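In: 3D, please:
(one chain, ligands or ions: 2)
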Amino acid sequence: MANETLDLEQLIGWDGLLQEDEKQVRASVRRIVKDRFMPRIVADYEAGKFALELVPELAKLGLLGANLEGYGCAGMGSLAYGIACHELEMCDSGLRSFVSVQTSLAMFAIHTFGSEAQKQRWLPEMAAGRVLGCFGLTEPNHGSDPAGMETHAERDGAGWVLSGRKLWITNAQVAHVAIVWARTKEGIRGFIVERDMPGYAAEEIPHKLSMRASVTGGLVMDGVRVPEENRLPEAAGLKAPLACLNNARFGVAWGVLGAARACLEIAIKYACERTQFGVPIAAKQLVQLELADIATEVVKASLLSVHYARLKEAGKLHPAQTSLLKRNNCRIALEAARRSRAVLGGNGIAGDFHIMRHAANLESTFTYEGTDQIHTLSIGRALTGSAAF
Ligand code: TGC
Ligand code: FAD
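Out: Ligands and ions are numbered 1, 2, ... in the order given. Presented below is the predicted three-dimensional model:
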């Protein structure tokens, strides 16, 4: 008992919390991450490259559209999907982002707001990874406040003409289809824009210093003619894209705990091996304080995530609870990365030790899918009934 060690999974008590199918998802995603993604992530990150050629392997595991039913999707529960996001982000936030956007934003939008013909046409191909999607809500002048969007669509005979710009769009340059949100005379509507439609282009955002192993770009729509059959018929108003975001924010909240866990595990290993003043630094009380604080926050956040996942599975998770989870987990993950990095001293900034990469990525997770401040205000609105945006 005296010197028995417990790892983070044991501290959380995962095995008592997960059902058999959830443990299987954890094991299969962990394996592909270890065998296929981890060996290349340092080089990919430096090169600013996403491992596009491995997408079929993600699809084979049922990770694309994982939590959707039918149309070739795996129909996983929310907790299984959360665990998958957690394991992916143990490697890199960009890897989880790819799956999040394909699953929770692009496919979810079609699954929830699309016609039967749209679902039949796109979802099986997207689940197989043969068609990639992106989600265009943010614009150069409208991020936190998408209600002000300038992208607009005008009716033209049997179809629409779409013009405007979207910015900071994950998967933009690799997407075959973009879910584009645009203002119309009837209010905000969603469109499936295909990449070969004249007037549509995706542009790379150069010089990114975060999420370097993820594809991020801008969308340009210059009089793109989109047929009526590409409009999402069930999407009316801003609440449609915001409903997609609930789903995606849940995946981010689970994912960032994977990054936090990776950082903590690296810091523990390093502290046990690194000797200063004649003993491993792990034997120093101030180092143990760092590790204990990080572990405590990750354990608490994991337990909250499990509870909220069960509520989500029961259809009872309120958007304010999703805001609370996203905000809390992104905060503690960023703090975990910073404090873990310090445990490694100078080595903490070296790519081979991974933590600095996680820290840089986690800055993006703090901002995207609703900034920390926006979620603070969403919780505040839920508590007080007063919107302070
Ligand atoms: P507000 O008046 O509050 O709401 C308008 C309508 O929407 C409804 N609604 C929601 N519905 C479902 N889920 C939610 N979370 C909802 N929040 C609001 C609301 O009931 C209302 O419906 P109705 O029927 O009355 O019309 O809207 P607002 O303009 O005041 O804005 C509220 C605010 C600030 C919370 C919202 O604009 C917001 O969430 N802003 C943040 C924008 C954001 O998160 N953008 C993310 C872009 S996508 C992204 O970052 C992907 S990263 C991908 C990756 O790589 O992983
Ligand atoms: P702004 O809204 O201009 O905010 C700037 C600052 O002001 C923030 O700190 C913000 O919290 C603060 N602020 C704004 N309003 C208030 C307020 N009312 N009260 C207090 N503070 C406020 N978008 C997509 O649509 N699709 C994607 O796939 C996508 N992927 C992304 C990938 C990455 C790597 C990144 C970094 C972003 C991505 N985004 C995507 C965009 C992201 O959602 C936005 O960056 C985010 O919503 C914030 O918008 P903004 O950058 O315009 O910042």
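In: Tell me the residue of the stretch 1-150 of the chain that sits nearest ligand 2?
Out: Of all residues in the stretch 1-150 of the chain, the one sitting closest to ligand 2 is G143 (1.8 Å; C-beta to the nearest ligand atom). Bear in mind the C-beta positions are built from the backbone N, C-alpha and C, glycine included.
In: So that residue versus ligand 1, what's the distance?
Out: 7 Å (C-beta to the nearest ligand atom, to the nearest Å).
In: For that residue, the count of nearby residues, please.
Out: G143: 17 surrounding residues under other C-beta atoms under 10 Å.
In: same deal with the one 4 residues further on?
Out: The criterion is other C-beta under 10 Å. On that basis, A147 has 12 neighbouring residues.
In: Could I get the contacting residues of it?
Out: By C-beta atoms under 8 Å, 6 or more residues apart in numbering, the residues touching A147 are 188, 238.
In: Please repeat the previous calculation with a cut-off of 6 Å.
Out: Contact analysis of A147 by C-beta atoms under 6 Å, 6 or more residues apart in numbering lists L238.
In: And E89, how far from S364?
Out: 12 Å (C-beta to C-beta, to the nearest Å).
In: What of Y71?
Out: As defined by C-beta to C-beta, Y71 lies at a distance of 30 Å from S364.
In: do the same with Y270
Out: Between Y270 and S364 the distance, using C-beta to C-beta, works out to 25 Å.
In: ok, now R338?
Out: For R338, the distance to S364 - C-beta to C-beta - is 15 Å.
In: go on, W168?
Out: W168 sits 9 Å away from S364, going by C-beta to C-beta.
In: Those two: which has the busier surroundings?
Out: Using other C-beta under 10 Å, the more surrounded residue of W168 and S364 is S364, with 22 against 18.
In: Secondary structure element holding that one?
Out: Using DSSP states H and E, the element containing S364 is helix 355-367.
In: Now do the buried residues in the helix or strand following that helix.
Out: Using DSSP H and E, the helix or strand that follows helix 355-367 in sequence is helix 372-384. Neighbour counts using 16 or more other C-beta atoms under 10 Å place 372, 374-375, 377-378, 380 of helix 372-384 among the buried residues.
In: Show me what helix 372-384 is packed up against.
Out: On a contact count with 3 or more C-beta pairs under 6 Å, 6 or more residues apart in numbering; DSSP states H and E, helix 372-384 meets helix 319-343.
In: how much space between the residue in the chain sticking out farthest from the centre and ligand 1?
Out: Within the chain, G278 marks the point farthest from the mean C-alpha position, 42.7 Å out by C-alpha atoms, centre = their mean. Counting by C-beta to the nearest ligand atom, the separation of G278 from ligand 1 is 46 Å.
In: what about the nearest residue to D44 once chain neighbours are set aside, neighbour count?
Out: Distances taken as C-beta to C-beta, 6 or more residues apart in numbering place A213 nearest to D44, at 4.6 Å, with adjacent residues excluded. Using other C-beta under 10 Å, A213 has 26 other residues around it.
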